[in-house]
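Colleague: need coordinates for the below:
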Amino acid sequence: MVRTTLSAAEARRVALAAQGFGSAPAPAVSTRALNSGFARLGLLQIDSVNVFERSHYLPLFARLGAYDRDTLDRLTTARRGPYLEYWAHEAAFIPRDDLPLFRWRMDAFRERDARPNRVEQVARTERVRHELRALLRAEGPSPASAVEHESNVRRGPWWGWSDVKIGLEQMFRWGEVVSAGRSGFERVYALPEQVLPDRFLDDAPDRTDAVRELVRRATRALGVGTRADIADYYRLRADDTGRALAELTEAGEVVPVRVDGWTDRAWLHADARVPRSTSADAVLSPFDPVVWFRRRAERMYGFHYRIEIYTPAPKRVFGYYVLPVLQDDRLTGRIDLKSDRQRGVLRVRTAWEEPGEHLDAERLAEVLRRTAAWQGLGDVEVTDRGTAARALAGALGVALVPHESADDTDVAEPLPDLEVTV
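Modeller: Numbers count the residues shown, from 1 in each chain. As a prediction, the model looks like this:
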């Protein structure tokens, strides 16, 4: 029977099932399982902060359990591996075969960069880009650090991108260069013909067809969502998304539904399951699809979430790198984690129970034990800050340790200001 209405709880369960939650972690996670998990999500957002663990490792751990990170590295950072990078949501790993779906975005970026407010920077890097093409052609794929020179300077307290780095990023946005894995955590750039099949991007679908396919995939990955939710998954324009949803509705691939408590109409993927219950225990990356669109997280879970890594320490409320706690179909708390590798300890710097929710400290303690083992750490340490700290320490059987001022002083360099939606 086709559903036309969902309760708020049903919508949460649909969304979590679509995202791969609901099964107990496997004792061993195969490469096939990693690929299947990746296929379900469609992309893994990349972020440079590694105070606990880099973001792209966390969504698959939350869904599948402990896996070999070296295996994921081989899949995502090998020069000709099955995944590469592009601006899909933000900077993200995507299946290599999906890159043609973003050819229209490359063209749109080029058009945007030709606007009067951007053309000066593009003109300034023209000579550098010409030299970079020649260098990559002669020497093969290279990271930016391999071609920067003594004229590069850091301008200001944050990002001081040189013309070399700016030029490479312009070319990357436009599809003139593509990612060829990573060296350490630094992106390696290559000319398309050095790592992609011949005419790989030339045979790409047009914008209308590509956007329709991305909307189809976003709706499948979300299970149920408003137009804004669906557009955000691949950072699509609202009008493009609306047209694609109308076409997919007519084809019977998505179904308009009303969700109790939601103001806007939603769409349910025709293949989405409506589980009677959801069993889940995980801590989520700030860039996990469950929470990366903050308006959806607040509407669906009543979870007001703002990442505080760029907030000055005295103004932080919950902590530096705070991860939402998922228990069944609710976000019941948030914890600030740090992997202290010198001491071999997973530090819980703050632990909070959400107002109106019940955080099961015993269940969270077990998640943290598994997390510490996955990180190669021996112990879990809980700092005496947050409404759930005492209960969590008790569940772990450890004494609370005093909060340290150093816990508040971590500083992240913000990513460059690149607007993805075009």
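Colleague: nearest residue to residue 144 in space, please, no chain neighbours.
Modeller: Distance criterion Cβ to Cβ, 6 or more residues apart in numbering; nearest residue to residue 144, sequence neighbours excluded, is residue 165 at 4.9 Å. For the C-beta atoms, the positions are set from N, CA and C on the backbone; glycine is no exception.
Colleague: give me the secondary structure label for that neighbour.
Modeller: At residue 165 the chain is in helix, as set by DSSP: H, G, I helix; E, B strand; the rest coil.
Colleague: what's the answer for residue 355, then?
Modeller: coil.
Colleague: can you give me the neighbour number for it?
Modeller: Using other Cβ atoms under 10 Å, residue 355 is surrounded by 8 other residues.
Colleague: mean confidence for stretch 387-395?
Modeller: For stretch 387-395, the mean per-residue pLDDT is 98.
Colleague: so which bits of that stretch are buried?
Modeller: 388, 389, 391, 392, 393, 395 (16 or more other Cβ atoms under 10 Å).
Colleague: would you put the C-alpha positions of that stretch in CSV?
Modeller: This file holds the C-alpha atoms of stretch 387-395, laid out as CSV (Å, rounded to 0.1, in the frame of the first residue of the first chain):
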residue,chain,number,x,y,z
THR,A,387,25.0,16.8,32.4
ALA,A,388,25.8,13.2,31.5
ALA,A,389,29.4,13.0,32.6
ARG,A,390,28.9,11.4,36.0
ALA,A,391,26.5,8.8,34.7
LEU,A,392,28.8,7.9,31.8
ALA,A,393,31.8,7.6,34.1
GLY,A,394,29.8,5.3,36.3
ALA,A,395,28.8,3.1,33.4
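Colleague: contact partners for the closest residue to residue 33 other than its chain neighbours?
Modeller: Using Cβ to Cβ, 6+ apart and skipping residues adjacent in sequence, the residue nearest residue 33 is residue 64, 5.8 Å away. When contacts are counted by Cβ atoms under 8 Å, 6 or more residues apart in numbering, residue 64 is found next to 20, 25, 26, 29, 33, 34, 37.
Colleague: give me the low-pLDDT residue ranges for the stretch 301-422 of the chain?
Modeller: 405-409, 411-422 (pLDDT under 70).
Colleague: helices along that one, start to end?
Modeller: Using DSSP state H, counting those that start in this stretch, the helices of the stretch 301-422 of the chain run over 361-374, 389-396.
Colleague: could you export those as a markdown table, including distance to residue 138?
Modeller: Converted to a markdown table, those look like this (distance: least, Cβ to Cβ, whole Å):
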| stretch | distance to residue 138 |
| --- | --- |
| helix 361-374 | 42 |
| helix 389-396 | 56 |
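Colleague: ok, and what's touching stretch 239-254?
Modeller: Contacts for stretch 239-254 (Cβ under 8 Å, 6+ apart): 207-208, 211-212, 214-216, 219, 227, 230-231, 255-256, 267-270.
Colleague: of those residues, select the buried ones using a PyMOL command.
Modeller: Applying 16+ other Cβ under 10 Å to those, the buried members can be selected in PyMOL as follows:
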select buried, resi 211+212+214+215+216+219+227+230+231+255+267+268+269
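Colleague: okay, and which of the contacts of stretch 239-254 map to helices?
Modeller: The members of those that map onto helices under DSSP state H are 207, 208, 211, 212, 214, 215, 216, 219, 227, 230, 231.
Colleague: correct me if wrong: residue 356 contacts residue 303.
Modeller: No - using Cβ atoms under 8 Å, residue 356 is not in contact with residue 303, being 10.7 Å away.
Colleague: neighbour count winner among these two?
Modeller: It is residue 303, of residue 356 and residue 303, that has more neighbours when counted by other Cβ under 10 Å, with 21 against 8.
Colleague: sorry, back to before: neighbours around the residue nearest to residue 144, how many?
Modeller: For residue 165, the count of nearby residues is 19 (other Cβ under 10 Å).
Colleague: one more: residue 95?
Modeller: Using other Cβ under 10 Å, residue 95 has 15 neighbouring residues.
Colleague: so who does it touch?
Modeller: By Cβ under 8 Å, 6+ apart, the contact set of residue 95 is 38, 39, 42, 82, 83.
Colleague: bridge partners for it, pull those for me.
Modeller: Per DSSP bridges, the residues bridged to residue 95 are residue 83.
Colleague: what pLDDT is listed against it?
Modeller: Confidence at residue 95, expressed as pLDDT, is 97.
Colleague: for the spatially most central residue of the chain, list the residues it contacts.
Modeller: By Cα atoms, centre = their mean, the chain has its centre lying nearest to residue 45, at 2.8 Å. By Cβ under 8 Å, 6+ apart, the residues touching residue 45 are 55, 56, 89, 90, 91, 92, 285, 287, 292.
Colleague: element containing residue 180?
Modeller: Assigned by DSSP states H and E, residue 180 belongs to strand 178-183.
Colleague: strands paired with that strand, and their directions?
Modeller: strand 186-190 (antiparallel).
Colleague: and the strand it pairs with, C-alpha only, in PDB?
Modeller: Taking Å, rounded to 0.1, in the frame of the first residue of the first chain, the C-alpha atoms of strand 186-190 are listed here in PDB:
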ATOM      1  CA  GLU A 186      46.900  16.200   0.900                       C
ATOM      2  CA  ARG A 187      44.900  16.000  -2.300                       C
ATOM      3  CA  VAL A 188      46.900  14.900  -5.400                       C
ATOM      4  CA  TYR A 189      45.900  16.600  -8.700                       C
ATOM      5  CA  ALA A 190      46.100  15.100 -12.100                       C
END
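Colleague: let me see the mean pLDDT of it.
Modeller: 93.
Colleague: what's the following helix or strand after it?
Modeller: Next along the chain from strand 186-190, counting by DSSP H and E, comes helix 192-195.
Colleague: from the chain's centroid, how far away is that next one?
Modeller: Put simply, helix 192-195 sits 26 Å off its chain's centre (Cα atoms, centre = their mean, to the nearest Å).
Colleague: show me what that helix is packed up against.
Modeller: strand 178-183 (3 or more Cβ pairs under 8 Å, 6 or more residues apart in numbering; DSSP states H and E).
Colleague: what's the closest non-adjacent residue to residue 84?
Modeller: residue 179 (4.7 Å).
Colleague: touching, the one you found and residue 189? I think so.
Modeller: Yes - here residue 179 reaches residue 189: they are 6.9 Å apart, a contact under Cβ under 8 Å.
Colleague: I'd like the contacts of residue 64 as CSV, with pLDDT, distance to residue 170 and neighbour count appended.
Modeller: Below are the contacts of residue 64 laid out as CSV (pLDDT from 0 to 100; distance: Cβ to Cβ, whole Å; neighbours: other Cβ atoms under 10 Å):
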residue, pLDDT, distance to residue 170, neighbour count
20, 97, 35, 20
25, 77, 42, 17
26, 77, 43, 12
29, 95, 38, 20
33, 96, 37, 16
34, 97, 33, 18
37, 97, 33, 21
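Colleague: lovely, talk soon.
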